[in-house]
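> only geometry, no sequence info:
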């Protein structure tokens, strides 16, 4: 297949459409819109109608200017659609809604052990199984109408093609619904009688089907344009490197979430109490993973419109002993039980406040590396790849080369590769590794921060 791929990229904070030239990696066009949940009733839920209008209008813009060869979808995890007929049996639940906590005790009695799913127990709706369990009890009539459960990437692929599918990267991201060792649905699905609702399993890197005729007509895309099955967004970030680097290596995918994935790592260090787990890559293999809400925590510490920090700002923060201590997104990450705070009270301002945020993200990232394992090299994807201070701090703390990805499309490039998945690794790294940030006292500061954070 030749020609650019239109990528539908639904992040938790921002929805994006990108037109990606797979041959060069260039992004030919991009559209974005905020992804804000609707308040209800019956509960906070995805603005499916607004997103669908955005997708159709964006595809029409792309089709008017370029010969679009295919459409691929990638989305955030912890989200699924209960489909009935050509619509929804219930609205698509916002995973940050705490409704599932109302049945937490009952859910804990039926969810599988970590040894089976490699999925930790998470708050609110971060375990997709907990969402479904709550919806089935809180809205039994609506749940009973459901004809299929589609993970979020496959829901949008279904809107484009009319074909339902299940897919491992989406079902394998802390859902409690997937058993990585068996490469199949977990015992929870059997126990709750949900198996009939999950369509046939398809590879992420496969053509699900052609665009529906009415979608092709509405967008101007060529009739028969193929649509890929779709992929979880962190795994989209990982996919390009599966064909470029020899394991073990680590990819840090950044955005609302900072996700640390070590290909070729071991699951022995995973701790379900500290938000570490195994994701499942596009080829169905478990990948040791740890994560935290890095984008949201950074904003909470640095504030709006932060001034970029320099090494001098980092030195000043360390010399003063100022620290941001976790967690600024309670319930998530390796220190999710803590209450985020800055010490001494108030802390620095301006660029030094940004340096404080950079230090915090780098130190929590180091904790994630301790859980998921540290590869022989680290690749940073997404917004943090453009943060030289963060990358330099991670290089200094992890003691391995850190390569900021030059690919500005992040998840979009990985999704575009669903039409041409990578082959054997070639050990091809980004050209430039950032120099470790040389800051006196960093190791002592890191030890003191870890002692306080661990409390």
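Here it is on my side, so go on. Quick caveat, the model's predicted, so the values are computed rather than measured. Residues are numbered from 1 along each chain as shown.

> got any ranges where the protein has weak pLDDT?
Residues of the chain meeting the criterion pLDDT under 70: 408-409, 431.

> longest helix of it?
Using DSSP state H, we find that the single longest helix of the chain is helix 351-372.

> ok, then the element right after that one?
Under the assignment DSSP states H and E, the closest C-terminal helix or strand after helix 351-372 is strand 378-381.

> please enumerate the strands of the stretch 301-450 of the chain.
For the stretch 301-450 of the chain, the strands defined by DSSP state E, counting those that start in this stretch cover 323-325, 341-343, 378-381, 402-404.

> contact partners of the first one?
Contacts to strand 323-325, defined as CB atoms under 8 Å, 6 or more residues apart in numbering, come from residues 301, 338, 340-343, 347, 356-357, 359-360, 445, 448-449, 452-453. All C-beta atoms are positioned from the backbone trio N, CA, C, and that covers glycine.

> pick the one among the residues you listed closest to residue 225.
Among those, residue 357 lies closest to residue 225 (CB to CB), at 42.7 Å.

> tell me how many other residues surround that closest one.
By the criterion of other CB atoms under 10 Å, residue 357 has 26 neighbours.

> return the distance of it relative to residue 185.
Distance from residue 357 to residue 185, counting by CB to CB, to the nearest Å: 40 Å.

> tell me which element the residue most central in space within the chain falls in.
Per CA atoms, centre = their mean, the C-alpha nearest to the average position across the chain is that of residue 234, at 4.0 Å. Using DSSP H and E, residue 234 maps to helix 233-242.

> can you tell me the strand partners of the very next helix or strand once past that helix and which way each runs?
Once helix 233-242 ends, the next helix or strand along the chain (criterion: DSSP H and E) is strand 249-253. If you go by DSSP bridges, strand 249-253 pairs up with strand 258-263 (antiparallel), strand 378-381 (parallel).

> can I get those strands in JSON lines including mean neighbour count and distance to residue 427?
Listed next are the strands paired with strand 249-253 as JSON lines, based on neighbours: other CB atoms under 10 Å; distance: least, CB to CB, whole Å:
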{"stretch": "strand 258-263", "mean neighbour count": "27", "distance to residue 427": "13"}
{"stretch": "strand 378-381", "mean neighbour count": "26", "distance to residue 427": "13"}
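
> in JSON lines, list those along with distance to residue 422.
Shown next, in JSON lines, are the strands paired with strand 249-253 (distance: least, CB to CB, whole Å):
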{"stretch": "strand 258-263", "distance to residue 422": "12"}
{"stretch": "strand 378-381", "distance to residue 422": "14"}
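
> show me where the stretch 51-200 of the chain has its helices.
Under the criterion DSSP state H, counting those that start in this stretch, the stretch 51-200 of the chain contains helices at 104-110, 114-117, 128-138, 140-145, 152-161, 168-171, 187-192.

> the fifth one versus helix 233-242: what angle between them?
So that's helix 152-161. If you take axes from the mean of the first three to the mean of the last three CA atoms, to 10 degrees, helix 152-161 sits at 90 degrees to helix 233-242.

> run the chain-centre distance for helix 152-161.
Chain-centre distance of helix 152-161: 18 Å, with CA atoms, centre = their mean, to the nearest Å.

> same question for the last one.
Mean C-alpha position of helix 187-192 versus that of the full chain (CA atoms, centre = their mean) differs by 25 Å.

> neighbouring contacts of it?
110-112, 116-117, 129, 132-133, 136, 176-177, 179, 195, 198.

> for the second one, same thing?
If you take CB under 8 Å, 6+ apart as the criterion, helix 114-117 is touched by 120, 175, 176, 177, 178, 179, 180, 181, 186, 187, 188, 272.

> mind listing what's buried in that helix?
Across helix 114-117, burial judged by 16 or more other CB atoms under 10 Å covers 114, 116, 117.

> output those in JSON lines, with distance to residue 35 appended to each entry.
As requested, the buried residues of helix 114-117 are exported to JSON lines (distance: CB to CB, whole Å):
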{"residue": "114", "distance to residue 35": "30"}
{"residue": "116", "distance to residue 35": "32"}
{"residue": "117", "distance to residue 35": "27"}
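
> for residue 320, state which of these is nearest.
Nearest to residue 320, judged by CB to CB, of these is residue 114 at 40.5 Å.

> and that closest one, how close does it get to residue 343?
Separation of residue 114 from residue 343 (CB to CB): 33 Å.

> same question, residue 173
With distances taken as CB to CB, residue 173 is found 34 Å from residue 343.

> those two: which is more packed in?
A direct count of neighbours by other CB under 10 Å for residue 173 and residue 343 places residue 173 higher, at 27 against 12.

> quick check: phi and psi at residue 266.
Residue 266 adopts backbone torsions of phi -110, psi 150, taken as degrees, to the nearest 10.

> nearest to residue 295, of the strands of the stretch 301-450 of the chain?
Comparing these by their distance to residue 295 (CB to CB), the top pick is strand 378-381, with 12.7 Å.
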